[in-house]
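[1] any chance you could fold what I've pasted below:
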Amino acid sequence: MLLNFLCMTAGTGTTTDAGTSACGGSGGGGIWWMLIIFGLMFGVMYLTSIRPQKKRQQEEQKLRDSVQIGDDITTIGGINGRIVTVKEDSIVIETGADKTRMKLMRWAIQTNNTASERLAQEKAALDAAKAQEKEEKKASKRRSKKSDIDETE
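    This is a model prediction of the structure:
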């Protein structure tokens with residue numbers, strides 16, 4: 001069915017010297033249209049699924065590589081804990097009130113809660129600074145307008 005559609009879009013009504021259609025026989029013009037359509041389909045698929053997935057994987061790897069002793073993390077299994085020891089491929093976390101220690105592989109880290117909190121605080125501070133800067137600009141504009149009015153009188 002897809003081939004019929006491609007043949008219809010690629011070579012409808014075009015015939016070669018021998019009288020055969022471009023999609024059905026010896027004509028080669030329809031093949032190029034099929035290759036272009038398949039290339040476009042692959043390009044769309046790459047942009048919508050493969051590329052974003054690679055970006056997510058790179059971000060996750062960066063997160064796992066940046067953990068430090070003392071960070072609060074959440075594992076893939078939903079376990080919350082504080083990192084006590086960091087090794088090349090594994091970490092040791094403390095969980096619960098009785099400080100139970102667990103050895104986990106680095107790939108089991110889902111989120112770094114400490115880093116998330118730091119980012120949220122930095123973003124809030126940046127937003128506050130921007131808001132304060134806007135207020136200062138508004139106040140200076142008001143002062144300049146007021147001084148212009150006073151000068152004209």
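[2] residue ranges in the chain under the pLDDT threshold?
    Filtered on pLDDT under 70, the chain yields the residue ranges 1-28, 148, 150-153.
[3] outline the domain layout of it.
    The chain is divided into the following domains under automatic domain parsing: 2-63, 67-140.
[4] ends of the last one, how far apart?
    Domain 67-140 has an end-to-end distance of 45 Å (criterion: C-alpha to C-alpha, to the nearest Å).
[5] repeat for stretch 74-87
    One end of stretch 74-87 sits 17 Å from the other (C-alpha to C-alpha).
[6] on that earlier part again, just put the domains of the chain in a markdown table and tack on mean neighbour count and distance to I149.
    Any C-beta I mention is one placed from the backbone N, CA and C, and that applies to glycine too. Formatted as a markdown table, the domains of the chain follow (neighbours: other C-beta atoms under 10 Å; distance: least, C-beta to C-beta, whole Å):
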| stretch | mean neighbour count | distance to I149 |
| --- | --- | --- |
| domain 2-63 | 12 | 54 |
| domain 67-140 | 13 | 15 |
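[7] how about the ones you listed in a markdown table, adding distance to K146?
    Below are these laid out as a markdown table (distance: least, C-beta to C-beta, whole Å):
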| stretch | distance to K146 |
| --- | --- |
| domain 2-63 | 50 |
| domain 67-140 | 10 |
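[8] which among those is found nearest to S147?
    Closest approach to S147 among these (C-beta to C-beta): domain 67-140, 10.4 Å.
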